[in-house]
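*Asks:* okay, sequence plus prediction incoming.
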Amino acid sequence: MTTNKKIEKREKLIVLLGQTATGKSDLAINLAKKFNGEVVSADSRQIYKKMNIGTAKPFQNKIYTKESSEGKQTSRTADKSQNSIVVYGINHHLIDVIYPNEEFNAAIYKKIAIKKIKEIQKRNKLPFLVGGTGLYISAIVDNINFPSIPPNPNLRKRLNRKSTDELLLIFKKLDPKGAKLIESKNKRRLIRAIEICKKTGKPFWQQRKKGKPFFDILQIGIKLPKEKLDKKIEKRADQMLKLGLEKEVRDLVKKYGFKIPPMKTIGYKEWQEHFERKIDKKKVKELIILHTKQFARRQMTWFKRDNKINWIEKQKEAEELITSFLL
């Protein structure tokens, strides 16, 4: 018996994900060079301008260094024709897109990320979706349809006065299942979830339905032993402080204060008490390291739910997976 059913051919997409400080950015550049690719960031903080050091943008460890190891001026250029940043010859998209005080969410991210991925594919290049923001990655991989509910300023103002623990309790009553899946320390997402539940009268998680995949996707996850990852997190905190993280935060606080959501980011929020002369710099560093390690554990909890992720520790493993995938 024959069938006339047409098999839809989808374009290829590589997703490179993992916990913070696992080396995703460096690996992405190496793989993009080998497979003629471009990078689309899936990081909910690298999207913001002026937040460079604390968000570990792929150029941040070089842009503040006067000379590279070869004694030449470091290269980090903007390719205006592609609205991208070029790092080591590779186009990086969705980095430095908006200012910290501008509204942004996963639904907006999904729309512009899909557009960028398709543009890369049209240029006959291989797109690499790279990052550690689970919701952003899931928005693309699972084609999540987000409920289009406008913000409620009065409700947000009331909820913003509450702690994350209080917000989580409220959310648990509205959506018990969703409370187990949401980032429990992410105040902005808790408020948005409560806002949608109250407006629609339905559980938040129930409304985020998955659609038909846009792309043929290979997911690769970088996984490091806990001891190794902890050391990398500690080393990166040292590097950020040496690169001028304090000045970056002071400049942002001067312009925006600590109240806007991006300033609740790890690496930024810890400075508030120091600026108020309540803790010293040593304590700031300790808190950044502690909070980063806690965040890394939460990231892995999110990623472990997806059994389609191929976990690797070395670049060669990733190269083999991609080569087979492209055949």
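*Replies:* Arrived safely.

*Asks:* in contact with the residue positioned nearest the centre of the chain, which residues?
*Replies:* Geometric centre of the chain, nearest residue: residue 43, 1.9 Å, by CA atoms, centre = their mean. By CB atoms under 8 Å, 6 or more residues apart in numbering, the contact set of residue 43 is 55, 95, 130-133, 136. C-beta: built from backbone N, CA, C; applies to glycine.

*Asks:* low-confidence regions, the protein specifically.
*Replies:* The model of the chain has pLDDT under 70 over residues 1-8, 60-83.

*Asks:* what segments of it are helices?
*Replies:* Counting by DSSP state H, one finds helices in the chain at the ranges 24-34, 60-63, 106-122, 134-141, 153-160, 164-174, 176-181, 187-200, 204-207, 226-243, 245-256, 272-275, 281-303, 315-326.

*Asks:* what's the domain layout of this structure?
*Replies:* 148-207, 227-294 (automatic domain parsing).

*Asks:* what's the closest of the ones you listed to residue 37?
*Replies:* Closest to residue 37 of the domains of the chain, according to CB to CB: domain 227-294, at 24.4 Å.

*Asks:* okay, how far is it across the closest one, tip to tip?
*Replies:* End-to-end distance of domain 227-294: 14 Å, with CA to CA, to the nearest Å as the criterion.

*Asks:* work out the gap between it and the centre of the chain.
*Replies:* Remark: domain 227-294 is offset 17 Å from the chain centroid, using CA atoms, centre = their mean, to the nearest Å.

*Asks:* try stretch 216-227
*Replies:* 15 Å.

*Asks:* name the residues of it that are buried.
*Replies:* Residues of stretch 216-227 classed as buried by neighbour count (16 or more other CB atoms under 10 Å): 217-222, 224.

*Asks:* so who does the nearest residue to residue 54 once chain neighbours are set aside touch?
*Replies:* Counting by CB to CB, 6 or more residues apart in numbering, residue 267 is the residue found nearest to residue 54 once chain neighbours are left out, at 3.4 Å. Taking CB under 8 Å, 6+ apart, we find residue 267 in contact with 53-55, 240, 245, 249, 288, 292.

*Asks:* so how far is residue 257 from residue 267?
*Replies:* Applying CB to CB, to the nearest Å, the value for residue 267 to residue 257 is 17 Å.

*Asks:* contact partners of stretch 84-100?
*Replies:* 28-29, 32-33, 37-43, 46-51, 57-59, 75-79, 82-83, 104, 109, 112-113, 116, 120, 252, 256, 260, 262-263.

*Asks:* go again using 7 Å as the cut-off
*Replies:* Residues from elsewhere that reach stretch 84-100 (CB atoms under 7 Å, 6 or more residues apart in numbering): 29, 32-33, 38-41, 46-51, 57-59, 76-79, 82, 104, 112-113, 116, 252, 256, 260, 262-263.

*Asks:* just the buried residues from these, in ChimeraX please.
*Replies:* Those of those that count as buried under 16+ other CB under 10 Å are selected in ChimeraX with:
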select :29,32,38,39,40,41,46,47,48,51,57,58,59,76,82,104,113,116,252,260,262,263
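
*Asks:* which of the buried residues of stretch 216-227 fall in strands?
*Replies:* With DSSP state E as the criterion, strands contain 217-222 from among the buried residues of stretch 216-227.

*Asks:* residue 238: neighbouring residues, count only.
*Replies:* 11 (other CB atoms under 10 Å).

*Asks:* how about it, nearest residue that isn't a chain neighbour?
*Replies:* Leaving aside its chain neighbours, residue 238 sits nearest to residue 285 (7.7 Å; criterion: CB to CB, 6+ apart).

*Asks:* ok, that neighbour to residue 35 distance?
*Replies:* Counting by CB to CB, the gap from residue 285 to residue 35 is 38 Å.

*Asks:* residue 93: neighbour count?
*Replies:* Neighbours of residue 93 using other CB under 10 Å come to 23.

*Asks:* got it, and the one 3 residues further on?
*Replies:* The number of residues packed near residue 96 is 20, by other CB under 10 Å.

*Asks:* nearest to residue 124, of the contacts of residue 267?
*Replies:* residue 55 (30.7 Å).

*Asks:* which of the contacts of residue 267 are buried? Put it as a PyMOL command.
*Replies:* Command for PyMOL that selects the buried part of those, burial taken from 16+ other CB under 10 Å:
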select buried, resi 53+54+55+240+245+249+288+292
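
*Asks:* which one among the contacts of residue 267 gets closest to residue 184?
*Replies:* Among these, and counting by CB to CB, the member closest to residue 184 is residue 292, at 16.4 Å.

*Asks:* and the closest residue to that closest one other than its chain neighbours, how many neighbours?
*Replies:* Nearest in space to residue 292, with sequence neighbours left out and distances taken as CB to CB, 6+ apart, is residue 233 at 4.9 Å. Using other CB under 10 Å, residue 233 has 21 other residues around it.

*Asks:* quick check: residue 233 vs residue 118, distance?
*Replies:* In this view, residue 233 and residue 118 are 35 Å apart by CB to CB.
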